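**Student:** Predicted model and sequence below, questions to follow.
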Amino acid sequence: MANPLNLPMVGRSLRNLVSRPATRRYPTEIRPRFAGARGTIEFDVETCNFCMLCARRCPAAAITASREERYWAIEQLTCIGCGVCVDVCNKGSLSMSVNSRTVHTHADVGPQGQRPGHEEWRKPALAAEVPSGS
């Protein structure tokens, strides 16, 4: 007959009650960034010529651009932070920030129904030059 007082997990259970948790409590306790860590993509709409090379080369398909509408958007939560778009941008409109992504603890919905992390820019179209008449 098995000994009912032989409980092998009691020691481990008591140790776990008095020790620290094995994982971090992420939204409240954030690990400090390590050297060489990538952040988020920063975009400068003033220098962009909307060539759409960054959108074509993005391996995660996180970038959407339109030359006709002069529109550029990124899904920061889809972006894998590889930096390919920064490397191929010939105008220097894209850069890698050292800031980390914001924490989303629940499903936020943006002002126009976008997912969290959706960022977009629109550059006003250049006004057509009006010939000066005299």
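**Tutor:** Now that the structure is in, tell me what you want to look at.
**Student:** Now do the worst-scoring helix or strand of the chain on mean pLDDT: everything it contacts.
**Tutor:** Here the helix or strand of the chain ranked lowest by mean pLDDT, DSSP states H and E is strand 118-122, holding a mean of 74. Outside strand 118-122, the residues that touch it by Cβ atoms under 8 Å, 6 or more residues apart in numbering are 43, 45, 69-76, 110. From N, CA and C alone the C-beta is placed, and that goes for glycine too.
**Student:** remind me, longest helix of the chain?
**Tutor:** helix 9-18 (DSSP state H).
**Student:** Touching whichever helix or strand comes after it from outside, list them.
**Tutor:** The C-terminal neighbour of helix 9-18 among helices and strands, as given by DSSP states H and E, is strand 41-43. For strand 41-43, the external contacting residues (Cβ under 8 Å, 6+ apart) are 72, 74, 76, 79, 81, 85-86, 93-97, 119, 121.
**Student:** partners of strand 41-43 in the sheet?
**Tutor:** strand 94-96 (antiparallel) (DSSP bridges).
**Student:** circling back to that earlier point, just the buried ones from the contacts of strand 118-122?
**Tutor:** Buried members of these, scored by 16 or more other Cβ atoms under 10 Å, are 43, 70, 72-76.
**Student:** Point out where the protein drops to low pLDDT.
**Tutor:** 1-5, 100-117, 125-134 (pLDDT under 70).
**Student:** again, 80 this time
**Tutor:** 1-8, 25-27, 29-31, 33-39, 98-134 (pLDDT under 80).
**Student:** for it, which residue is closest to the average position?
**Tutor:** Geometric centre of the chain, nearest residue: residue 76, 2.9 Å, by Cα atoms, centre = their mean.
**Student:** before we move on, back to that, return the closest of the buried ones among the contacts of strand 118-122 with respect to residue 18.
**Tutor:** residue 76 (40.2 Å; Cβ to Cβ).
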